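coords below, sequence missing:
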């Protein structure tokens, strides 16, 4: 069994993002970038399945600028066997990304495609579901547990009401929740080894899909600032303020 | 053209956030139709038809719709979409799972999780977990939009009498089978919708000390939240996590106890109406977003807080 894992390069989750002064986006120059956190869970799960002898190959794919190669390389360092970088200029919408991934799926013919449930930059939460629709494959979104049973997967999903379990036939798409596993750190020897693993580079424009933007970003702004609050000197004062001033208790 | 809202329900009742989604959808066009897909969902359908903003209800019933599997829902919605300018749903796990499957089939770039309708094609949505707001304009002929329910008021729930049209179901998708659903039952309000949230952070020092948070939450009929640091330290389960990688909450009152206020936590709670911070470090970033900050040792302050609440004649529920 072959598993394709899609990974995205995003601003690191510990960075306080800054909106550009001209309101065209957020500042990404000289900002620490990392793998989108739930994509790390997706890679981890694929590697674990391979280590358990249930998969033969794990391929990491990223869609992005040249530098997204680092994100693919990191996936190789934690156990993916080979990488693919689909090179684009600028940022694509999830619909375009899922069309590009569809082309890779048609070429590589994986049995499973894993990715994070959502990217922490645009917060769209679309790509996995869109890819499932384009392929007409089953989708298991927000997965917190995956069990492989012959040609099927039993997946536990995190839903608002609690947990839901579904059974899906392979081939399938799974989008991963942070609860799925504990991603490992790459060891230094593995980072060195990853440098020798192959990364195939493909230009998005060579894949013959329409990746044009359908959504215009009119402006990006700072959220409204909260007005400065006050410090209270005692619990009694706090409770009095909550009761009589804020009227919330 | 009309707007089509996909109702979320449990076959008996509408999910409360459907009312918020109706409000949002009604701002995208004049003529709002609501679609309900389920099995034996007559009661929920009737309730949907009573919402005054809804002009027509479309009901699709079949056994394979009983458990809301997106692979079964999407084709029938895609077919109906022909007659609509907008397809709208709540951005909770139901809508997040379903809408992109519809959008991709319609070759539409979805607009996710909007918090404001600026015009029929332009919306405001948070990005970077609410650390920036983007104004986006959809140039697709059909718009697929999910809305953040807490950013819209619920609509009127009675007085309407929309007509109900039954539509033939689509085929079943055979490669996805529902197995079971384990709903977390609790006497407490749900974290995402609670009026009051009491959260603990690394300052709690142990899982056992979370009892203090529990007693305060009991007193205020609040949901219990936690910072990622508290979850990572194993003090409490991840389903309580508030923040960029957890839940985004917007209660009337958010009480942060022993939480320093990392960016990732602030992203999940800074839209709360009133924020209280209790922390012994006066320089903690949480104080920069708190309406009322108390610089104190939480192990003294929380028991005092309970005492003071006990002195009150009434506490809002």
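Happy to help now that I have it. In this text, all values refer to a predicted model and were calculated from it rather than measured experimentally.

Tell me which stretches of the stretch 1-150 of chain B form strands.
For the stretch 1-150 of chain B, the strands defined by DSSP state E, counting those that start in this stretch cover B:2-6, B:32-38, B:56-61, B:84-90, B:111-114, B:116-117, B:122-127, B:132-138, B:143-147.

I'd like these written out as a markdown table, with mean neighbour count, distance to residue B:18 and mean pLDDT added.
To be clear about C-beta, it is placed using only N, CA and C from the backbone, and glycine gets the same treatment. Converted to a markdown table, those look like this (neighbours: other CB atoms under 10 Å in any protein chain shown; distance: least, CB to CB, whole Å; pLDDT from 0 to 100):
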| stretch | mean neighbour count | distance to residue B:18 | mean pLDDT |
| --- | --- | --- | --- |
| strand B:2-6 | 24 | 8 | 98 |
| strand B:32-38 | 25 | 8 | 98 |
| strand B:56-61 | 21 | 12 | 98 |
| strand B:84-90 | 25 | 7 | 97 |
| strand B:111-114 | 26 | 16 | 97 |
| strand B:116-117 | 20 | 17 | 98 |
| strand B:122-127 | 22 | 19 | 96 |
| strand B:132-138 | 20 | 23 | 96 |
| strand B:143-147 | 29 | 11 | 98 |
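
Next, format the ones you listed as TSV and append distance to residue A:54.
As requested, the strands of the stretch 1-150 of chain B are arranged in TSV below (distance: least, CB to CB, whole Å):
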stretch	distance to residue A:54
strand B:2-6	37
strand B:32-38	35
strand B:56-61	38
strand B:84-90	35
strand B:111-114	33
strand B:116-117	46
strand B:122-127	37
strand B:132-138	41
strand B:143-147	35
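
Serialize those to a markdown table and add fields for distance to chain A.
Below are those laid out as a markdown table (distance: least, CB to the nearest CB, whole Å):
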| stretch | distance to chain A |
| --- | --- |
| strand B:2-6 | 14 |
| strand B:32-38 | 15 |
| strand B:56-61 | 19 |
| strand B:84-90 | 10 |
| strand B:111-114 | 5 |
| strand B:116-117 | 12 |
| strand B:122-127 | 6 |
| strand B:132-138 | 4 |
| strand B:143-147 | 9 |
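
Can you report how many residues lie near the nearest residue to residue B:88 once chain neighbours are set aside?
Nearest non-adjacent residue to residue B:88, counting by CB to CB, 6 or more residues apart in numbering or on different chains: residue B:25, 4.1 Å away. For residue B:25, the count of nearby residues is 29 (other CB atoms under 10 Å in any protein chain shown).

mind giving me the domain split of chain B?
B:2-166, B:196-311 (automatic domain parsing).

mean pLDDT for the ones you listed: which is lowest?
When the domains of chain B are compared on mean pLDDT, domain B:196-311 scores lowest, with a mean of 93.

Wondering if it reaches chain A at all.
Yes. Domain B:196-311 reaches chain A (CB under 8 Å from any CB of the partner chain) through B:196, B:220, B:238, B:244-245, B:252-253, B:262-264, B:270, B:273-276, B:282, B:287-296, B:301, B:304-305, B:307-309.

how about the helices in the chain?
Answering for chain A, as no chain was given. A:37-51, A:69-77, A:94-108, A:127-135, A:188-194, A:235-240 (DSSP state H).

Please refer instead to chain B.
Going by DSSP H, chain B shows helices at B:17-26, B:42-49, B:70-80, B:93-105, B:210-220, B:228-232, B:263-269, B:298-311.

and the strand ranked longest in chain A, which residues are buried?
Longest strand in chain A by number of residues (criterion: DSSP state E): strand A:139-149. Going by neighbour count (16 or more other CB atoms under 10 Å in any protein chain shown), the buried part of strand A:139-149 is A:139, A:140, A:141, A:142, A:143, A:144, A:145, A:146, A:148.

Setting the sequence-adjacent residues aside, check what's closest to the last one.
When the adjacent residues along the chain are set aside, residue A:148 lies closest to residue A:54, with 5.3 Å between them (CB to CB, 6+ apart).

Just give me the neighbour total for residue A:161.
16.

What count of nearby residues applies to the closest residue in space to it that isn't next to it in sequence?
In this structure, residue A:161 finds its nearest non-sequential neighbour in residue B:183, 4.6 Å apart by CB to CB, 6+ apart. Residue B:183: 12 surrounding residues under other CB under 10 Å.
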